[in-house]
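> curious how this folds, go ahead:
(chains A, B and C)
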Amino acid sequence: MDFIRNFSFFSIVLSLFSGPLSSILGRKWAKRVNTAEIILLGLMSVAVLWYVLQTGEAFVYTMGHFPAPWGNEIRAGVLEAFMAAFFCLIMLLCMWGGVRERESEIEASKQNLYYIMVNLLLCSLLALIYTNDLFTAYVFVEINTISACGLIMIRQNGRTIEAATRYMIMSLLGSGLLLLGLCFLYDLTGHLLMSNIQEAVHALVANGQYQTPLLVSISLMCVGLAIKSALFPFHTWLPDAYGYSTVSSAAILSSLVSKGYIFLLVKIFYRVIGFDIISSSKVIHVLFAFGIAGMIVGSVDAIRENDIRRMIAYSSVAQIGYIYMGFGLGTTAGVIASIYHVVCHAATKSLLFIAASGITDVSGGSRHFEDLTGAGYRNKLAGVAFTVGSLSMVGVPMFAGFISKLYFAQAAVGHTVKMLPTLIALAISTILNAVYFMKTVIRLYTPVKDGEKKAGYGTITVRQQPVKAVALILFILLNVILGLNAEPVIGLIRTGLEMFS
Amino acid sequence: MSDLWILSPVLLTLGVGIFLLVWSFAEHILAAKAFRPAEPAAGSKPEKEAGLKTVHGLAVGTLLAAAVLTLGAAWSGDRSVTLFYLMKDIPIYFHIDDISRWFVTVVTVIWVLVGIYSTVYMQHEGEEKRFFGFYLLVYGVLVCLDFSGNLVTMYLFYELMTLASFPLVLHNGSREAIMAALKYLFYSLCGAYMGLFGIYFLYRYCSSLTFMPGGTLSPEAVSGQAGILPVAVLLMLIGFGAKAGMFPLHAWLPTAHPVAPSPASAALSGIIVKSGVLAIIRVVYYIVGPDFLRGTWVQYTWMALTLVTVFMGSLLAYREPVLKKRLAYSTVSQVSYILFGLAVLSPAGFTGALLHVAFHAVVKCGLFLTAGIFLFCCGKTRVDQLAGIGRRMPAVLWCYTLFALALIGIPPTSGFVSKWYLAQGALHADIGVWSYVGPAVLLVSALLTAGYLLPITMKGFFPGQEESSGSAEDTEQKQRVQADTAGAAKRQEPKAAMLVPLLILAALALGMGLLPGVFTDFAGGIAALVI
Amino acid sequence: MHIAIMITVVLLPILGGILIPMLPFHNRKQMLIYIEALVLVNSALIIAMLLDEPEEAFVLFRFTGDLRVSFHLDGLGRIFAAMAAVLWPLAVLYSFEYMKHEGHEATFFMFYVITYGITLGVAMADNILTMYFFFEMMSLVTLPLIMHTQTREAVLASRSYLYYMIGGAAFAFIGMIFILAYGTTSTFVPGGVLDPAKIGDKTNMMLFVYVLCFLGFSVKTAVWPFSSWLPRAGVAPTPVTALLHAVAVVNTGAFAAMRVTYYSFGTELLRGTWAQNVVMVLVIFTIVYGCSRALKETHLKRRLAWSTVSNLSYILFGVVLMTPLGLAGALCHMLFHSFMKICSFFCAGAVMYKTGRSYVHELDGLGRRMPKVFVIFTISGMALMGVPGLAGFVSKWQLAQAAVASENPLAWVGVGALLISALLTAIYMLTISVRAFFPGKDFDYSKVADAEDPNWLMLLPLTVFVLVIVLFGLHPQPFIRALQEVASVMTVS
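This is a model prediction of the structure:
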């Protein structure tokens, strides 16, 4: 079964080349090819996961069999394979969930372009996940940025252009900082392969040499990726980008793009620097502080928001805050919680975006709260889905969010100083989440008085939007499964992290 | 269990009382149903009369039967009944001892007399079924209260008594009466809850809550933990004192008594306030024990409160122009005589207190009945309207005068005997300066009593033309007084059913003073037992 | 089979409830029969289970690791389950009549019945996680019931309800985490599970967490300063306010507080500390505060709701005494208060249903026209104020005894608060009865000519409740013994 080792490389290349393929196909076929490709990639990732679990150790795939430092390496462990498979799943569901909006909101001539962008994006995500080479990672970070910009901009109205520009500027700033940090590191160690760098860094630390440049390098990389993944206070680009793009894009951006960067950060922590060095450095305190600030500020902003899409976008800021707070705890338990939250947030936030689009559809296209009254009765499935997503985000047991909250809290209890701040921040953030999410849910189920019915209110049943309905149902199931039986996922994350070192 | 029959009067009165209430209710619902067909249910008069006769017959008959049963039960030896266990080691337990006997006899006598009086009086108040229903209920509850053998049973009936008696106060249904009844209710409950507070603590510090002469406080539980206990006891005293009109929770009394129908105020003033006294006797002499309190700050505080009440009550009565209110204030003052006698914790004081319980019940009841007659026959409520009443109803006014003398304490009336003992008790008790202050206050109060009661007699018999013309009152009132005097010229005594109870009470008030030996011996016997 | 029965009684109402709007009933009657049958069967199962006394724990599923949702029936849970089993069928019966004029019956009964299952889940929760799980579920399934009338007021009320509930749960969550981290096990063990070795010098932190956790769970019990949701939730239909906001939901909070105090943190650690004082002060304050607010309130149901606030704090007062006697008193009041308050609420509901009047000043003279309802109301009112011979006296006696015996001066203040509250209760309950029976001399009875006593569907539950109140009041001994047995397991230390 050793040919499975090739799969991770194949999947990157496959997604890279299916992009050009999409451009020459017709619109319908492009869509089908795209779906097939994502499913295929997912299956391949599952196969890799199965293989790695079988062998019990990560493997390194050397491209063209050139050994380092000349060749380029790909490394697949449990965590990588799992993330790849999971990202493919979410990507597929996001594409399904936004199919109608894509067709109505994007010019027909540009729809093929959309598939190219998605292919490129997936390719870059997989590359970020699998690569064992820091510079390759940087390259795909850039590809990722560009395709993400395309996804934002492709729905053409004035706001998306502005949003994309802002996103571009912030993102490039982040990439720049990342590149800078990377250069420092290369300068210090003379390597680009992650495993080699780690050895060199450990030697440096052991000798006590170049401590300041090392710290600067770590900080630069952290800040760079934090900007790209919209950690408070670098989140200003996010609401517009998520709020005004087409719904597939918003879901993909929020649940995949930012998560890709976060995963890269985890890799840097474990594979490049070494987690013991990270956890003893002061950088994580900063991450912790900004994570908690993000949790609170994001939620407060969301409460003040009057537009359902932007509200969900602000909620992402808060959730990203959770993840960085987990990193900031500086323990493996914290990182496990964070990675679990990556998973859970990806599953929930895309659900919320897609459900929100279903809700706005039956409310005359308006996204303002007063128009959403009673939408839960007009589009029953979207209403239920939004409720499930909200409950998950609030952290009600039975749904995914509760488990990650539980893990965050348990991780925090082990820590002497950060315990109480974390727990109290969790509690406050739960309340704030409840305020804006449940407010929305209650509004969805407040019936409209007969006299207030507005033009544009329609009803949509499951039968009218089969693909979207399937996507929503799968998302709901995913949430419930993650909420009721988290043990396998947690187990995968734990073994994956062990394989990192 | 064979003694269960002692509760038969209770069962009887409660049963008939509830029957009357249900009857009254059913009548209302029928009336309301009949209202809709537009024909007012103006049942023919004879029929109505017949109905009322049945009610009166039923009520008085029940009362008499119950009275016989009660007295029979009370005077046939020490009997006890455990009904059932409310909680582990807290039974509903009845036990008849000398105190029960004393109180229940007073209650029964007064209740029967007032009941007979009511058959006439209540005709102008209406809603007689309801009145007699509650009246009988209260009697049943009072008998239980007097028979109670432990603190919780007593508390149970104490509270039931409050609840059953407050409809008597609001009987006439005016806004004023309802507010007064609520005031009565809440003051009483407030007091009861303060008592309950104490019971909670006593349960902890006493070996049992069953009444034992001399108290049941268990020494080992008290030792070292006495800090809260005196506070609890004082709260109990103040709480149960609310019913007895003791300062500071006395304010309900002058509000509630005057608005109630006169028989009700007679019963309230004569009997209900005494149940507060009974509760205090039970707590102090049968649970806590006088030895625990003697010489403590609790005793002095209590004594001071009673004296303040005695003086204040008299003074307020002196300044009060409305007769029934004046009598109510007088009750405030007189009941605190009793409490003062209890507070000195000496045998003589206790004897005096017990005697005053009976004497004051008789006298105050008589006074209120008199006031009721004035109200019923002539519609007069204010003292200044009563000038010349003696010409119209000499017998009533003579009775009044006798009661007044008894209340002041002029020999040979009964009041003199009890006050004598009270003063003796205070003077011989070891309570420092209080043994002089107490009697002095009692004396001053007696003077005030004379001041507020006797002028009515004087004006009643000698309206004194020159005085009313001499005053700067408006002429209209003068004319009215003259007209009344003219109208009162012919004798017009009230009906026998009203007059006879009054005469009996007067005879009692005088007779008990002439032959006090039986009573003093009995009360003294109890006092010797408990102290 | 006896293990499986535990999961059955939880799931049967939940699944059966979900089916209500889906099943094709031909008419209303069929649906009602189905509902009543469902509830009765479940009650019968519960009673069978109580008699069977299953010992083992039933594991429903695992979240992760040793965090599992599992059921186990112990003494405390048995009492709560029995209470639910008795109250639900009667309340459902009452609702049949009441809900006629509220509409949307299928939805209403769906959630009403689901709540039954959730309540049992709380009662039988084996560990703190399970309890938390059902605690949150409870908040969610009762939300639609509050929103039922769907007026603006109801929506606002349900919103604030939810904020309070989730906020409370968020803080209770912290406590749960600490139990998981510092306890030897997460299951409920009489006397607590905390491991002194793990706590070390962090006692103060644990106490702080206890206060947070206690208050978090007590939000459901409407302890001050988290009490305002309860009166606002009174906009719900009366069966909801009566059964859920006077009994099931709020007692869940009290029940959770008991679990946390006696079975998780353990009274050993807490007794005599500042944490105990803090919660006790809050509870005592709530006792008086609730009553005072009830006094000022003129809306009948809201007045009763404030009364509930105060009475729930009686229960909590028993809990925070942290003695076995205190727990017995708390259980006793939990049990007795449920019957008393549901009875008063049902009377209020009957009045609203029959006459459409909901303010106290509109009740003048109704006693004459609806004598049965108002006699029952008066009895329940007297029971609440603690007239001896009725249920309230007994439970207050137990609480006060526990407080006196605890030798804690603050608890003595609490006894005073109980009595002040009793007086205030008398004022706010009896004024209603007085108004109803004695409207005043020249009251025009034609104004209330339309009122009459409701039919047997409403009167039957009321009669049962009032009989139970009298039974509890006159012969409480067997119940108290059972409760004390439950509480006596605490005396191990």
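> which non-adjacent residue is nearest the closest residue to chain B within the stretch 51-200 of chain C?
Residue of the stretch 51-200 of chain C nearest chain B, by Cβ to the nearest Cβ: C:Ile79 (18.1 Å). All C-beta atoms are positioned from the backbone trio N, CA, C, and that covers glycine. Using Cβ to Cβ, 6 or more residues apart in numbering or on different chains and skipping the chain neighbours, the partner closest in space to C:Ile79 is C:Leu331 (5.9 Å).
> what of A:Asn34?
Per Cβ to Cβ, 6+ apart, closest to A:Asn34 is A:Tyr115, 4.7 Å.
> check contacts around the one you found.
A:Gly19, A:Ser22, A:Ala30, A:Lys31, A:Val33, A:Asn34 (Cβ atoms under 8 Å, 6 or more residues apart in numbering or on different chains).
> quick check: the last one vs chain B, distance?
Applying Cβ to the nearest Cβ, to the nearest Å, the value for A:Asn34 to chain B is 78 Å.
> just to revisit the earlier point, which strand or helix spans the residue nearest to A:Asn34?
Following DSSP states H and E, one finds A:Tyr115 within helix A:111-130.
> who's in contact with residue 123?
Using chain A. A:Ile12, A:Ser15, A:Leu16, A:Gly19, A:Phe140, A:Ile143.
> correction: the question concerned chain C.
Contacts of C:Ala123 were listed using Cβ under 8 Å, 6+ apart, and they are C:Gly77, C:Arg78, C:Phe80, C:Ala81, C:Ala84, C:Phe255.
> got the contact list for A:Phe3?
Not one residue lies near A:Phe3 by Cβ under 8 Å, 6+ apart.
> and the gap between it and chain C?
According to Cβ to the nearest Cβ, A:Phe3 stands 35 Å off from chain C.
> quick one, phi/psi of that residue?
Backbone torsions of A:Phe3, given as degrees, to the nearest 10, read phi -70, psi -20.
> check B:Leu217 too.
Dihedral pair for B:Leu217: phi -60, psi 130, per degrees, to the nearest 10.
> got a list of what residue 82 touches?
With no chain named, the answer covers chain A. A:Ser45, A:Leu49, A:Val489, A:Leu492, A:Ile493, A:Gly496.
> that's the wrong chain, I wanted chain C
C:Ile46, C:Ile47, C:Leu50.
> hmm, try it at 10 Å
Counting by Cβ atoms under 10 Å, 6 or more residues apart in numbering or on different chains, C:Ala82 touches C:Ser43, C:Ile46, C:Ile47, C:Met49, C:Leu50, C:Ala123, C:Leu335, C:Ala482.
> which element is it on?
Element membership for C:Ala82, per DSSP H and E: helix C:75-98.
> how distant is the helix or strand just after that helix from the center of its chain?
Downstream of helix C:75-98, the first helix or strand assigned by DSSP H and E is helix C:105-124. The chain centroid and the centroid of helix C:105-124 are separated by 14 Å under Cα atoms, centre = their mean, to the nearest Å.
> next, the contact list for the closest residue to C:Ile46 other than its chain neighbours, please.
Excluding its sequence neighbours, the residue lying closest to C:Ile46 (Cβ to Cβ, 6+ apart) is C:Ala85, at 4.1 Å. C:Ala85 sits next to C:9, C:39-40, C:42-47, C:49-50, C:116, C:119-120, C:123 when contact means Cβ under 10 Å, 6+ apart.
> show me what secondary structure element comes after the helix holding A:Tyr115.
helix A:134-153.
> in that next one, what counts as buried?
Within helix A:134-153, the residues scored as buried using 16 or more other Cβ atoms under 10 Å in any protein chain shown are A:134, A:136-138, A:140-141, A:143-153.
> same question for stretch C:188-207.
In terms of neighbour count (16+ other Cβ under 10 Å), stretch C:188-207 has its buried residues at C:Phe188, C:Val189, C:Pro190, C:Gly191, C:Gly192, C:Val193, C:Leu194, C:Met206, C:Leu207.
> quick one on the thing from earlier: how near is the residue of the stretch 51-200 of chain C closest to chain B to C:Met334?
Distance check for C:Ile79 against C:Met334: by Cβ to Cβ, to the nearest Å, it reads 8 Å.
> now whichever residue of the stretch 1-150 of chain B sits closest to chain C: closest residue in space, sequence neighbours ignored.
Nearest residue of the stretch 1-150 of chain B to chain C (Cβ to the nearest Cβ) works out as B:His28 at 4.9 Å. Excluding its sequence neighbours, the residue lying closest to B:His28 (Cβ to Cβ, 6+ apart) is C:Arg368, at 4.9 Å.
> so what's that neighbour up against?
C:Arg368 is in contact with B:25, B:28-29, B:31-32, C:374, C:436-439, C:443, C:445, C:448, C:451, counting by Cβ under 10 Å, 6+ apart.
> same check, this time on B:Phe131
Neighbouring residues of B:Phe131 by Cβ under 10 Å, 6+ apart: B:20, B:24, B:55, B:59, B:118, B:121-122, B:125, B:167-168, B:171, B:261, B:263-264.
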